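J.: From the sequence below, what's the structure:
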Amino acid sequence: MSVRGHLVALYKCSLLLSLRMLLLVPTGLPVSTQGDSQSDNKVMDNITVRQGETVFLRCAQGDVVTHTAWLNRSSILYAGEDKWSVDPRVSLVTLNQEEFTIKIENVDMTDEGQYVCAVQTSSRPRTTSVHVLVQVPPKIINLSRDLVVNEGSNVTLMCQASGKPEPSISWKLVSSSGDLASDDEYMEIPSITRQRAGTYECSAVNEIDTDVQTVDITVNYAPTVSEGRDVGVTLGQRGVLECEADAVPEPAFEWYKDDRRIFNGFDGLEIVKTASLSKLVFFNVSDGDYSNYTCVALNKLGSSNTSFLLFGPRAVQDGSGGSMGVHLHTCLLLLVFLPLLLKF
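T.: Here you go, the predicted structure:
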C-alpha cells in the first residue's frame, strides 16, 4: 500500500474512533438509545419512500462544526465531503454551515432502516436520527400455470405475491357474473364443470399499486349432439343434413346410412366440417338417397349420436292426405250420429 493509502486509512480510522469517543455511535448500541447529558439527540419523523424513488436525508448544522457524518447503522456514508460508501446511488447534495444533505437514488428494500447524522460542534456533540421506510408495489411471484382438466376434476389455483405493505390477494372468474371468487391465495373449484372453464384473474393489491395476472382453464367433456331434424327434398334437388355437437376437445364426426358408414365422396355425397358442425350434402337427390341417416360425434372422452330422415315430397303429401282423410271421416260420422245422441 502506498503512503497516501496508509494516510487515508489512518484518517478514516481516526475519524471513526473520534465519532465513537464523542458518543455519537456507541459500539453495540443503537444511536437512539444515547442519553448523555452533554449531547443533544433528536429523532425525526419516519421518512416513507416508494421503491425506485429518491430519498433525501437532511440534518441541520449550526454553530462551528468540527466533524459531521451521515451513518447507516454502523456504516459511515459520508464524513463531511468525503464519501465513504461505495454505493454509486449515494451522493452529497448540500454541505454548509446550515445544512448537511445526502441522497439515495433508486431506493430498494435493503435501504430501509435507521440513518444518523452525527455532528460535533465547538460546544457539544449531537445526533439526528431518522428511520427510512420503503414501500414496495405488489408483484405476483408464484402463479398456477394454465390448466387442461376433464369435467368433474377438483382444481386448485394458487397465487402468491410480495410487496410492502403486504398485498391482499383475490381470485375471480373473468367470464362469470361474480358468483365464483375467492379472497385468498388459493381458489378451490371442486368437481369443475364446463361452465367454469375460462380465464381466472388473480389480483394482488396494496396501497401502492395493483398487479394482475391470469390463468386459463380448459375443461374437456364428451360430445352432446343436438337432436336431428328430418329433411324433405325433391328428386334432383340439393339436400343438406346438419349435425351440431358441443364438445371439448373439438369432436370428430362420422356419418352412417342405416348401418353403413359414409365416407367423403361416397355416391356423390360430400361431408363438410366446420368446428362443431358437420354437414352431409346431397347434390342431386335420388330415390336411393331417401333413407335414415345417423351422425356420430366423438372425442377422447366419449361419443354421442342422432338420427335423420331424408324423405321426398310424396311422403309428405301422402302422410298429410291420409291424416286429413281420417279427420274428415271422423267429422262426417259425428254429423250423422250427433242428432241421435242429442235425443238421449
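
J.: So for stretch 212-228, what gets flagged as buried?
T.: 215, 217, 219, 220, 221, 222, 223, 225, 226, 228 (16 or more other C-beta atoms under 10 Å). C-beta coordinates here come from the backbone N, C-alpha and C atoms, glycine included.

J.: Including secondary structure and pLDDT, could those residues go into TSV?
T.: Shown next, in TSV, are these (DSSP: H, G, I helix; E, B strand; the rest coil; pLDDT from 0 to 100):
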residue	secondary structure	pLDDT
215	strand	97
217	strand	97
219	strand	97
220	strand	98
221	strand	98
222	strand	97
223	strand	97
225	strand	97
226	coil	94
228	coil	92
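
J.: Would you check that my belief about residue 147 contacting residue 154 is correct?
T.: No - with contact defined as C-beta atoms under 8 Å, residue 147 does not reach residue 154; the gap is 11.5 Å.

J.: Which one's more surrounded, those two?
T.: Ranked by neighbour count (other C-beta atoms under 10 Å), residue 147 and residue 154 place residue 147 first, with 18 against 10.

J.: Tell me the neighbouring strands of the helix or strand where residue 67 lies, and mark each as parallel or antiparallel.
T.: Applying DSSP states H and E as the criterion places residue 67 in strand 65-72. Here strand 65-72 is paired, per DSSP bridges, with strand 75-79 (antiparallel), strand 113-121 (antiparallel).

J.: Pull the distance from the shortest one to the chain's centre.
T.: Between the centre of strand 75-79 and the centre of its host chain there is 44 Å, according to C-alpha atoms, centre = their mean, to the nearest Å.

J.: Start the count at 4 instead of 1 going forward.
T.: Yes, from this point I'll number from 4; that puts the last item at strand 78-82.

J.: if I pick residue 145, what's in contact with it?
T.: Residues near residue 145 by C-beta atoms under 8 Å, 6 or more residues apart in numbering: 161, 162, 163.

J.: Keeping just the C-alphas, turn the strand holding residue 70 into CSV.
T.: C-alpha atoms of strand 68-75 as CSV (Å, rounded to 0.1, in the frame of the first residue of the first chain):
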residue,chain,number,x,y,z
VAL,A,68,-18.9,22.3,13.2
THR,A,69,-15.6,20.4,13.6
HIS,A,70,-16.8,17.0,12.4
THR,A,71,-20.1,15.8,10.7
ALA,A,72,-21.1,12.5,9.2
TRP,A,73,-24.1,10.5,7.9
LEU,A,74,-24.2,6.9,9.0
ASN,A,75,-26.4,3.9,8.2
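
J.: wait, residue 287 sits on residue 270?
T.: No - assessed by C-beta under 8 Å, residue 287 is found out of contact with residue 270, at 10.2 Å.

J.: If you tally nearby residues, what's the number for residue 307?
T.: Count around residue 307 with other C-beta under 10 Å applied: 18.

J.: And the pLDDT at it?
T.: pLDDT, residue 307: 97.

J.: Mind listing the strands the one helix or strand it maps to pairs with, and their directions?
T.: In this structure, residue 307 is located in strand 305-314 according to DSSP H and E. Strand 305-314 has the following sheet partners, assigned by DSSP bridges: strand 234-235 (parallel), strand 294-302 (antiparallel).

J.: Can you mark which positions in the longest strand along the chain are buried?
T.: Taking DSSP state E as the criterion, the chain has its longest strand at strand 128-146. For strand 128-146, the neighbour count (16+ other C-beta under 10 Å) marks 128-133, 135, 137-141, 143 as buried.

J.: Deepest in the core, which of the strands paired with strand 68-75 is it.
T.: Most buried of the strands paired with strand 68-75, by mean neighbour count (mean count of other C-beta atoms under 10 Å): strand 116-124, with a mean of 21.

J.: CA-only coordinates of that one in PDB, if you can.
T.: C-alpha atoms of strand 116-124 as PDB (Å, rounded to 0.1, in the frame of the first residue of the first chain):
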ATOM      1  CA  GLY A 116     -33.500   1.200   8.400                       C
ATOM      2  CA  GLN A 117     -32.200   3.900  10.700                       C
ATOM      3  CA  TYR A 118     -29.900   6.700   9.500                       C
ATOM      4  CA  VAL A 119     -27.900   9.000  11.800                       C
ATOM      5  CA  CYS A 120     -26.400  12.400  11.300                       C
ATOM      6  CA  ALA A 121     -23.600  12.900  13.800                       C
ATOM      7  CA  VAL A 122     -22.300  16.400  14.400                       C
ATOM      8  CA  GLN A 123     -19.500  17.700  16.600                       C
ATOM      9  CA  THR A 124     -19.600  21.400  17.200                       C
END
